[in-house]
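J.: Sharing a sequence plus its predicted fold:
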Amino acid sequence: MGTAPLSCASLRQLLRDPGIDLVAVVTQPDRPKGRDLKLQPSPVKELALRERLPVLQPERARSEAFVQELRALSPDLILVAAFGQILPRSILELPLHGCLNVHTSLLPKYRGAGPIQWAILNDEPETGVTIMKMG
């Protein structure tokens, strides 16, 4: 699950591992951009389509239809990296091994949007990435 360009790095790494079977990629719905407000896919969707992966784009991750769609895939693990929606408990409890979140800060500092930008603006001497089990 990811949307931002930053999420593509995690997806690329998963694609390199022959032991990982990606059943689907979840990203935000296409959004209007540019002067003509033409619908544009997220960077994650573009990468997933190039790799011929199924793409799910729920308007709301909390929708029962989406939760059922995800349940039908029976994921062992869900990896989240800059997805842009809060996942409900029904999704967090779905995969056999849970959900992991890749966050681009040393949590709990700079939670939320823009952690890299805030670290730079605040002239942080050290930063990093936190990987945490959600639940």
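T.: Arrived safely, thanks for sending.
J.: how long is stretch 37-51 from one end to the other?
T.: 27 Å (CA to CA, to the nearest Å).
J.: And the contacts of that stretch?
T.: The set of residues external to stretch 37-51 that reach it, using CB atoms under 8 Å, 6 or more residues apart in numbering, is 2-5, 7-8, 11-12, 15, 25, 27-28, 30-34, 54-55, 57. The way it works is simple: take the backbone N, C-alpha and C, and place the C-beta from them, glycine included.
J.: Flag every buried residue along that stretch.
T.: Buried positions in stretch 37-51, judged by neighbour count with 16 or more other CB atoms under 10 Å: 41-45, 47-48.
J.: Likewise for stretch 113-127?
T.: Buried residues in stretch 113-127, counted by 16+ other CB under 10 Å: 115, 118-119, 127.
J.: Could you do stretch 4-15 as well?
T.: For stretch 4-15, the neighbour count (16+ other CB under 10 Å) marks 4, 7-8, 10-11 as buried.
J.: Include pLDDT when you put the buried residues of stretch 37-51 into JSON lines, please.
T.: Compiled in JSON lines, those are given as follows (pLDDT from 0 to 100):
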{"residue": "Pro41", "pLDDT": "97"}
{"residue": "Ser42", "pLDDT": "96"}
{"residue": "Pro43", "pLDDT": "96"}
{"residue": "Val44", "pLDDT": "97"}
{"residue": "Lys45", "pLDDT": "98"}
{"residue": "Leu47", "pLDDT": "97"}
{"residue": "Ala48", "pLDDT": "98"}
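J.: Which ones among those lie within helices?
T.: Applying DSSP state H to the buried residues of stretch 37-51, the entries found in helices are 43-45, 47-48.
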